[in-house]
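In: Sequence and predicted structure below; questions after.
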Amino acid sequence: VGVSLILTQRADPVACYDSQRLVFTPASVGFMPWHMLTGVRNNSLKKAARYRGEKPPRPDLPKREDLEATSRRFAVKYLLGVMNSTAARDFLRAHRRSNIHLYPDDWKKLPVPDVTADKQGPIIKLVDKILATKRTNPAADVSALEAEIDAFVSRLYGLNSDEIAIVEGSEDRR
């Protein structure tokens with residue numbers, strides 16, 4: 001049975017991993033790495049980026065080749081871990097344009113730590129554990145694994161324990 005697994009049960013907006021390519025609802029927002037869209041040409045994509053030589057020229061837009069190369073450096077499950085982290089949640093709360101909705105453009109502003117595959121690995125392994133656990137029991141408590149991801153992501157952002165406590169509003173987190 002193909003199911004889309006939500007990484008967390010928080011009330012905040014969450015990112016999901018869908019390995020079964022299920023159909024979106026009208027309220028769904030999808031994220032796909034640029035390199036998975038290589039060669040796809042449509043008007044929607046032309047509004048965001050253009051291939052070199054694509055007509056009409058738009059020098060103000062990023063180059064698709066550059067975006068595709070950059071996206072290859074990030075594993076999807078690494079991005080999932082970062083997007084569901086406390087650091088990302090707090091960033092989005094501070095930088096989104098609505099208190100009610102979270103828009104795709106809000107996610108685009110999220111600075112993702114650009115690290116090597118080796119540093120992405122521990123987060124990917126934890127995401128895999130969460131997905132396997134949720135596949136077996138969708139109601140399973142994965143908060144300990146989420147906390148481990150949070151710790152890894154916070155270190156990647158360069159946050160120390162005092163800064164994490166301030167962001168979280170908890171002095172006891174040290």
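Out: On my side now, so go ahead.

In: Just the buried residues of stretch 154-162, please?
Out: Across stretch 154-162, burial judged by 16 or more other C-beta atoms under 10 Å covers 154, 156-157, 159. Where C-beta positions appear, they are placed from N, C-alpha and C, glycine not excepted.

In: nearest to Ser98, of these?
Out: Of all these, Ser98 sits closest to Tyr157, with 24.1 Å by C-beta to C-beta.

In: Look up how far Asp150 lies from the closest residue to that closest one other than its chain neighbours.
Out: Excluding its sequence neighbours, the residue lying closest to Tyr157 (C-beta to C-beta, 6 or more residues apart in numbering) is Ala87, at 5.3 Å. Relative to Asp150, Ala87 is positioned 7 Å away (C-beta to C-beta, to the nearest Å).

In: so where do the strands sit in this protein?
Out: For the chain, the strands defined by DSSP state E occupy 5-6, 16-17.

In: Out of those, which gets the lowest mean score?
Out: Note on the strands of the chain: lowest mean pLDDT is at strand 5-6, with a mean of 41.

In: ok, how many other residues are close to the residue nearest to Tyr157?
Out: Neighbour count for Ala87, taken as other C-beta atoms under 10 Å: 22.

In: Check what pLDDT it gets.
Out: 89.

In: Quick one: residues contacting it.
Out: Residues near Ala87 by C-beta atoms under 8 Å, 6 or more residues apart in numbering: 150, 153-154, 157, 159, 167.

In: quick one: low-confidence ranges for the protein?
Out: Scanning the chain with the threshold set as pLDDT under 70 gives 1-15, 20-28, 164-174.

In: Let me see the ranges of the helices in it.
Out: Applying DSSP state H to the chain gives helices spanning 43-46, 64-71, 76-83, 86-95, 104-108, 117-136, 143-156, 161-168.

In: residues making contact with the fifth one?
Out: When you say that, I think you mean helix 104-108. Helix 104-108 is contacted by residues 29, 31, 83, 92, 95-97 when judged by C-beta under 8 Å, 6+ apart.

In: farthest pair in the contacts of Ala87?
Out: The span of the contacts of Ala87, defined through C-beta to C-beta, is set by Val153 and Val167 at 11.9 Å.

In: what touches both of these two?
Out: Common neighbours of Val153 and Val167 (C-beta under 8 Å, 6+ apart) are 86-87.

In: More neighbours: which of those two?
Out: Neighbour count, other C-beta under 10 Å: between Val153 and Val167, Val153 has more, with 22 against 18.
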